[in-house]
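> predicted structure and sequence below. I'll ask about it afterward.
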Amino acid sequence: MNKFDRDIIIAIDGFSSCGKSTLAKEVAQKLNYKYIDSGAMYRAVTLLAINHDLIEGVQIDEERLLNLLNKVSIDFRYNAKKNKQETYLNNNNVEDEIRDIEVSDHVSIISKVKIVRECMVDQQRKMGLDKRIVMDGRDIGTVVFPNAELKIFMTASEEVRAKRRYDEIKAMGKEVLLKDVSTNIQKRDMIDQNREESPLRKATDAIVLDNSKMNRQEQLEWVLKILSEKFGYSFT
Ligand code: C5P
């Protein structure tokens, strides 16, 4: 049984599809911490905007979006059958829908909107009030929890990331082309890094993890080693 009685916040940021969620989930499980996929929250808002026809090209109807945001509920519920956490938007399970390419294609333009970020960051901070949380995203270590005790900035080569995302989508039984996945990843990274509101940046005190040549077990052990060195995590 692993023992970890420190109450800390672990922020995992980085580029699209470099395995942040996989790592964050596994670290949270090891420590018996809460795991929050902040990207799923932006995806849920994007789905809401699509369903209400609020996106016209790159234009967003911010006024109507604000109205919806004022009463939106986004939460995560554990599905015991699938042994995974699923995203709920206004009490509907949207876990599969938010991973669709249509949502992926629009999520970065929705995530640029100031009111969207304010609303999400507010909810994310509330989730971290008691610490004992691993949250992954783009601005967790820079904006949401600038005082997080451990910050990791993940990256991997573009080819590796596209292939991983492609395999993930195929595993869900959906049809997609590798080149479309690759284009989407590049486009999102570009928008995420260049937006005015909370652009994707490595926090100055974040530790970089390039997992291009690592498997899941190796990247998990990499984090656990840091936890043991810095915070006394015990492997035994
Ligand atoms: O993590 P994931 O790739 O699912 O995130 C989808 C999108 O949500 C990102 O491309 C980014 O535009 C946005 N996002 C964000 N801030 C976060 C998490 C995700 O802007 N903290």
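Everything's here; your move.

> what's the neighbour count on the residue nearest to residue 131 when sequence neighbours are not counted?
Nearest residue to residue 131 in three dimensions, chain neighbours excluded: residue 7, at 4.2 Å (C-beta to C-beta, 6 or more residues apart in numbering). All C-beta spots, glycine's among them, are computed from the backbone N, C-alpha and C. Around residue 7 there are 11 other residues, counting by other C-beta atoms under 10 Å.

> I'd guessed residue 7 sits against residue 128; true?
No - the criterion here is C-beta atoms under 8 Å, and residue 7 misses it with residue 128 at 10.7 Å.

> now do the contacts for the residue nearest to residue 131.
130-132 (C-beta atoms under 8 Å, 6 or more residues apart in numbering).

> Three-state assignment for residue 198, please.
coil (DSSP: H, G, I helix; E, B strand; the rest coil).

> surely it and residue 141 touch.
No - Residue 198 is not in contact with residue 141 according to C-beta under 8 Å; the separation is 11.0 Å.

> more crowded one of these two?
Per other C-beta under 10 Å, whichever of residue 198 and residue 141 has more neighbours is residue 141, with 28 against 20.

> if I look at that one, how far off is residue 77?
26 Å (C-beta to C-beta, to the nearest Å).

> one more: residue 206?
With the distance defined as C-beta to C-beta, residue 206 ends up 30 Å from residue 77.

> out of those two, which sits in the more crowded spot?
Neighbours per residue (other C-beta under 10 Å) separate residue 206 from residue 77, with residue 206 holding more: 21 against 11.

> pLDDT wise, what is that one at?
You'll see residue 206 listed with a pLDDT of 98.

> do the same with residue 174
Value listed for residue 174 in the pLDDT field: 88.

> how near is it to the ligand?
Going from residue 174 to the ligand by C-beta to the nearest ligand atom, to the nearest Å gives 15 Å.

> leaving out the residues flanking it, which one is nearest to that residue?
Per C-beta to C-beta, 6+ apart, closest to residue 174 is residue 100, 7.6 Å.

> tell me the pLDDT of the one you found.
Listed pLDDT for residue 100 reads 89.

> and what of residue 2?
Per-residue confidence (pLDDT) for residue 2: 58.

> what does the one 4 residues further on give?
At residue 6 the predicted local distance difference test score is 95.

> next SSE downstream of the helix or strand residue 63 falls within?
Residue 63 is part of helix 62-70 when elements are defined by DSSP states H and E. Later in the chain than helix 62-70, the nearest helix or strand by DSSP H and E is strand 74-79.

> who touches that next one?
Against strand 74-79 from outside (C-beta under 8 Å, 6+ apart): 36-37, 40-41, 44-45, 84-89, 93, 123.

> the very next helix or strand once past that strand near the ligand at all?
Note on strand 74-79: by DSSP H and E, the next helix or strand toward the C-terminus is strand 84-89. No - using C-beta under 6 Å from any ligand atom, we find that strand 84-89 stays clear of the ligand, coming within 10.2 Å at best.
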